[in-house]
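1. Below is the sequence, then the predicted model.
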Amino acid sequence: MTNAIKSVSEVQTFINIIKSANSNYLTNFYVTTDKIEKYIDQKNLMVEYYDGVTFFLRKDLGFYRVNFYAKSLDNLEQAVRKILNIKKQPLVLDIIGEESNIAPTIELFKSNGFKIYQRLVRMTLTHCLLNKTRKANQDIIKAAFHDAKEILELFLKFFDPIAEQIPILYEIENAIILGQIWIKKIEKKIIGLLFYETKGKTSLLRYWLVSPKYRRQGIGEALMSIWFQEHLDIQRFLLWVRVDNTYSMYRYSNYGFKPNKLEDFVLVKI
């Protein structure tokens, strides 16, 4: 039975049930407390518990995004079969880790009707390797609250909601409040943006976009430059990129980003 989560402590209770049962538990639930609180505020986090497995489900754009904590692979397989008998809507989940370590989990879901939809690789850049970039001179500004809907429209137009986890409107609004979105406007229209999240000494690049008409004019570089300039004390920059997006991987490598061993396999069950 699916129940709405009402507090962060409730989430932690369900997680601890699994952790206390087996220190070698399996999970794909890497969500910060801040985000969990936002999901709860929006009444958009649900839980289903089966023997040895907790599923956390969140409604997205026409599908459910699935996270789990599982005591073992055997427990997870039994629970997956049960949840598939209940949930008839499309399901999407991410399995993150080194491919050799997560291969059994991926095969488990594939054997239960899931298909690999996309694969992303994580790229990293340490402060000491940071390339010198030109000073941003493109009138880059922080996004304002009234820009949120236009930013969402750009995400829906240029990004894949299944593989690239497009934020919901309230997430964009919250990022604007926190000052985490830089934009470039021409004739009052947003034609470029950079959306990031910074925690401690790590900054994650979530989205970097320039509308096709305005590419190769230095706008993307200006956005990247101002992100770096704003984070001179950061020790590590991170991003995720689709493995089939070779152009973006090439652009990121020019700034010194390098792939590491972590990959994200996006699986779907329609």
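-> Yep, it's here.

2. V31 in helix, strand or coil?
-> Taken by DSSP: H, G, I helix; E, B strand; the rest coil, the conformation at V31 corresponds to coil.

3. excluding its backbone neighbours, what's nearest it?
-> Distance criterion C-beta to C-beta, 6 or more residues apart in numbering; nearest residue to V31, sequence neighbours excluded, is N67 at 7.2 Å. All C-beta spots, glycine's among them, are computed from the backbone N, C-alpha and C.

4. right, and the helix or strand after the helix or strand containing that neighbour?
-> Here N67 sits within strand 64-70, counting by DSSP states H and E. Moving toward the C-terminus from strand 64-70, the next helix or strand (DSSP H and E) is helix 73-86.

5. and that following helix, what does it pack onto?
-> strand 46-50, strand 53-59, strand 64-70, helix 99-111 (3 or more C-beta pairs under 8 Å, 6 or more residues apart in numbering; DSSP states H and E).

6. Do you know the pLDDT at the residue lying farthest from the centre of the chain?
-> Distance from the C-alpha centroid of the chain, by C-alpha atoms, centre = their mean, peaks at E187 (30.9 Å). E187 carries a pLDDT score of 94 in this model.

7. so what's it up against?
-> Contact analysis of E187 by C-beta atoms under 8 Å, 6 or more residues apart in numbering lists nothing.

8. quick one: it and R216, what's the gap?
-> Plainly put, E187 is 19 Å away from R216 if you go by C-beta to C-beta, to the nearest Å.

9. So which bits of whatever helix or strand L267 lives in are buried?
-> Using DSSP H and E, L267 sits within strand 258-269. Buried residues in strand 258-269, counted by 16 or more other C-beta atoms under 10 Å: 262-269.

10. Max pairwise distance over those: which two?
-> The distance between the two most remote of these (C-beta to C-beta) is 23.4 Å, for L262 and K269.

11. Which residues are in contact with the residue most central in space within the chain?
-> Centroid-nearest residue in the chain: Q165, 5.4 Å away (criterion: C-alpha atoms, centre = their mean). Residues near Q165 by C-beta under 8 Å, 6+ apart: 60, 65.
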